[in-house]
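**Student:** With the sequence up front, the predicted model follows.
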Amino acid sequence: IHGIIVLTDAGAGLRPAPTPSVRTRRHGLPEIVRAFKSFSSRRLNAHFGTPGARLRQRNYYEHVIRTEDDLNRIRQYIYDNPLTWNTDEYNPNRRP
């Protein structure tokens with residue numbers, strides 16, 4: 001799975017923002033990715049009747065997108081990537 005996660009900071013600049021009556025917890029990228037992988041694996045295993053089956057690679061790759069050109073290049077990579085799955089080294093059924 002490839003994707004772009006947009007993290008925002010709703011800070012108030014130099015002045016602290018008013019404290020909300022309900023405390024919200026900020027989550028870092030590793031927590032977001034871990035939660036997504038865990039949730040989606042449980043749902044997929046439940047759907048396919050394969051409880052506990054390993055569906056994901058252990059790690060993940062992250063890249064901070066800094067420019068519009070970088071964003072467009074990554075979007076194109078995500079769009080084109082499924083076309084190369086037949087020759088991907090991680091595809092157990094790949095064709096050389």
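**Tutor:** Arrived safely. Source: prediction; values computed, not measured.
**Student:** Now do the helices in the protein.
**Tutor:** 29-48, 68-80 (DSSP state H).
**Student:** Can I get those in a markdown table including mean pLDDT?
**Tutor:** Output for these, formatted as a markdown table (pLDDT from 0 to 100):
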| stretch | mean pLDDT |
| --- | --- |
| helix 29-48 | 92 |
| helix 68-80 | 95 |
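**Student:** can you list the ones you listed in CSV and add mean neighbour count?
**Tutor:** (Each C-beta comes from the backbone N, C-alpha and C, glycine too.) Formatted as CSV, the helices of the chain follow (neighbours: other C-beta atoms under 10 Å):
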stretch, mean neighbour count
helix 29-48, 12
helix 68-80, 11
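**Student:** Asn93: which of the ones you listed is closest?
**Tutor:** Checking these against Asn93 by C-beta to C-beta gives helix 29-48 as the closest, at 17.4 Å.
**Student:** Can you say which of the helices of the chain is nearest to Arg95?
**Tutor:** With C-beta to C-beta, the closest approach to Arg95 among those belongs to helix 68-80: 17.6 Å.
**Student:** helices or strands up against the closest one?
**Tutor:** Here helix 68-80 touches no other helix or strand, going by 3 or more C-beta pairs under 8 Å, 6 or more residues apart in numbering; DSSP states H and E.
**Student:** rewinding a little: and Val6, which of the helices of the chain is closest to it?
**Tutor:** helix 68-80 (10.2 Å).
**Student:** what's in contact with the closest one?
**Tutor:** Residues from elsewhere that reach helix 68-80, judged by C-beta atoms under 8 Å, 6 or more residues apart in numbering: 2-4, 63, 65.
**Student:** now those in JSON lines, with neighbour count?
**Tutor:** JSON lines is the format used below for the contacts of helix 68-80 (neighbours: other C-beta under 10 Å):
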{"residue": "His2", "neighbour count": "11"}
{"residue": "Gly3", "neighbour count": "8"}
{"residue": "Ile4", "neighbour count": "10"}
{"residue": "His63", "neighbour count": "8"}
{"residue": "Ile65", "neighbour count": "15"}
